[in-house]
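S.K.: just need the structure, nothing else, for what follows:
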Amino acid sequence: MTYAVDTRAVHAGRADLAELGVHALPLDFSTTYPMHDQVAAGAALGAFADGAATAATPVYQRLYNPTTARFEQALAELEGTEAAVSFASGMAAITAVLQAACLMTERRHVVAVRPLYGGTDHLLSIGLLGLSVTWVDQDEVAGAIRPDTGLVVVETPGNPTLGLVDIATVCIQAGDVPVLVDNTFATPVLQNPARLGASYVVHSGTKYLGGHGDVLGGVVACAERRAGALRQVRILTGAVLHPLAGYLLHRGLSTLPLRVRAAQATAATLAVRLAVHRGISKVHYPGLPGSDPRGLVGRQMRGPGAMIAFETIGDAAAVVAALRLITPAVSLGSVDTLIEHPALLTHRLVDAQGKQTGGITPSLLRMSVGLEDVDDLWADLDQALTAAARATVSVAAPAAVPAAVDAQAAVLAAPVVAVPEPEAFALDAVSATSAQAVNGSAPVPA
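M.R.: This is a model prediction of the structure:
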């Protein structure tokens, strides 16, 4: 029987708890395990070194831990993949995919679409891993593929400007080259890239998966044939997820659908109000009219999400300094609303060309909407934006309300109802779908 995402989020990775006689998730802190049969233990170690998911004995925590393995199983169920491999952070997960897909295959060229998270962009740009990178628009991927291309990297919604990338179209362009999709902003609740052809689905678990700002971790969902190399990288680099982090991330999955949808409803309301505020020059939010020209919300995503970016009339840093309720901090996906200045913080190390291409302006702020009351959040935003705008320009009269926004404000301000999950959408569905269909001239499974 196929269950809805809400049900799977609660029960994934817990199928054997009743057999174990427990209700809460077990937490195993062991760093090493007794092995009276040293021959069998050696065989287990060899299996793990070859990338196996399990063996007769865990041997050592760097090789395997049952608590983190449960989290991996649960995340794979939510993403619709055969396997998932967890890491100590989101950047460790990204790095492992680059090592497995490019370094271990001697295909050291990467095609990447901006914007990406600043850490990912910086890692690709500085040559630390010995990779060469070609930066392209999402419609230019096919032309950038070379014989030595090992990976295509995209993030959608993009960090920080929320631009949407058509995953299925990118995967078709990539051909046999694996595609990595950073799914951190959307979460498995709103988007499942593997069902659209992506080979690697990456999450910074620190964000929405954990959801409470108290755990650091990353995870990659993929086919088992790709998971083995990721486990080998993890063993050799030691970028393992601590069992307590695995426990907290697994626990966070239980409430993930509720948190994402509640925050999304608030974000939709705030986006409309921000779009007509005299202190704002531009709002980036996939749910606003004109913000989704490819029609990906409802076809690829099951909702516009809970992240908003906006450009201020007044000094952006002054806006942040004037906030009293909203937390001025990097990261996202927590129960409290967070705001930060990408050009100064998360994307500070992105080069000038990258900032320009990604739309990362000095006036841009990125906000992760939390679970507070919408009117309380709005009151805080309004007073901070108004104060900063007054300090910059003389505001004589309210700005005119854009007609398109005004016409749909009532709809967008209402609670967002996510499009139902795709049913029985095979992992290889994209391979049987023409590019013409993906581009919108024929039906595509939602």
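S.K.: which stretches of the chain form strands?
M.R.: Taking DSSP state E, the strands of the chain run over residues 83-87, 109-113, 132-136, 149-155, 179-182, 200-204, 218-222, 280-284, 307-312, 327-328, 338-340, 364-368.
S.K.: which helices and strands sit right next to the shortest one?
M.R.: When you say that, I think you mean strand 327-328. When contacts are defined as 3 or more Cβ pairs under 8 Å, 6 or more residues apart in numbering; DSSP states H and E, strand 327-328 sits against strand 338-340. (Glycine included, C-beta is placed from N, CA and C.)
S.K.: partner strands of the strand it packs on, parallel or antiparallel?
M.R.: Strand 338-340 has these partner strands in its sheet, going by DSSP bridges: strand 327-328 (parallel), strand 364-368 (antiparallel).
S.K.: format the ones you listed as a markdown table; extra columns: distance to Ser132 and mean pLDDT.
M.R.: Below are the strands paired with strand 338-340 laid out as a markdown table (distance: least, Cβ to Cβ, whole Å; pLDDT from 0 to 100):
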| stretch | distance to Ser132 | mean pLDDT |
| --- | --- | --- |
| strand 327-328 | 37 | 98 |
| strand 364-368 | 29 | 98 |
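S.K.: most tightly surrounded among the ones you listed?
M.R.: Relative to the other members of the strands paired with strand 338-340, strand 364-368 carries the highest mean neighbour count by mean count of other Cβ atoms under 10 Å, namely a mean of 24.
S.K.: the inter-axis angle of that one versus strand 307-312?
M.R.: Using axes from the mean of the first three to the mean of the last three Cα atoms, to 10 degrees, one finds that strand 364-368 and strand 307-312 are set 150 degrees apart in direction.
S.K.: send the alpha carbons of strand 364-368 over as CSV?
M.R.: Listed next in CSV are the C-alpha coordinates belonging to strand 364-368 (Å, rounded to 0.1, in the frame of the first residue of the first chain):
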residue,chain,number,x,y,z
LEU,A,364,18.7,41.5,-1.1
LEU,A,365,17.6,39.9,2.1
ARG,A,366,16.7,36.2,2.5
MET,A,367,14.0,35.2,5.0
SER,A,368,13.1,31.7,6.2
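S.K.: need the contact partners of it.
M.R.: Contacting residues not belonging to strand 364-368 are listed as 159-161, 207, 270, 306-312, 316, 319-320, 326, 331-334, 337-343, 346 [Cβ atoms under 8 Å, 6 or more residues apart in numbering].
S.K.: ok, 6 Å please
M.R.: For strand 364-368, the external contacting residues (Cβ atoms under 6 Å, 6 or more residues apart in numbering) are 160, 307-311, 316, 332, 338-342.
S.K.: low pLDDT regions in the stretch 101-250 of the chain?
M.R.: For the stretch 101-250 of the chain, no stretch is flagged by pLDDT under 70.
S.K.: out of the strands paired with strand 338-340, the one nearest Leu124 is which?
M.R.: Distance to Leu124, taken as Cβ to Cβ, is lowest for strand 364-368 among those, at 20.1 Å.
S.K.: chain center to the closest one, what's the gap?
M.R.: Averaged C-alpha coordinates place strand 364-368 at 16 Å from its chain's average position (Cα atoms, centre = their mean, to the nearest Å).
S.K.: quick one on the thing from earlier: quick check, nearest of the contacts of strand 364-368 to Gly279?
M.R.: Within the set of these, Phe310 lies nearest Gly279; the separation is 9.3 Å, counting by Cβ to Cβ.
S.K.: tell me what that closest one is bridged to.
M.R.: Applying DSSP bridges to Phe310 yields these beta-bridge partners: Val283, Leu365.
S.K.: run a quick neighbour tally on the nearest residue to Leu323 once chain neighbours are set aside.
M.R.: Taking Cβ to Cβ, 6 or more residues apart in numbering, and ignoring the residues beside it in sequence, Leu323 has Ala384 as its nearest neighbour in space, at 4.9 Å. Neighbours of Ala384 under the rule other Cβ atoms under 10 Å: 23.
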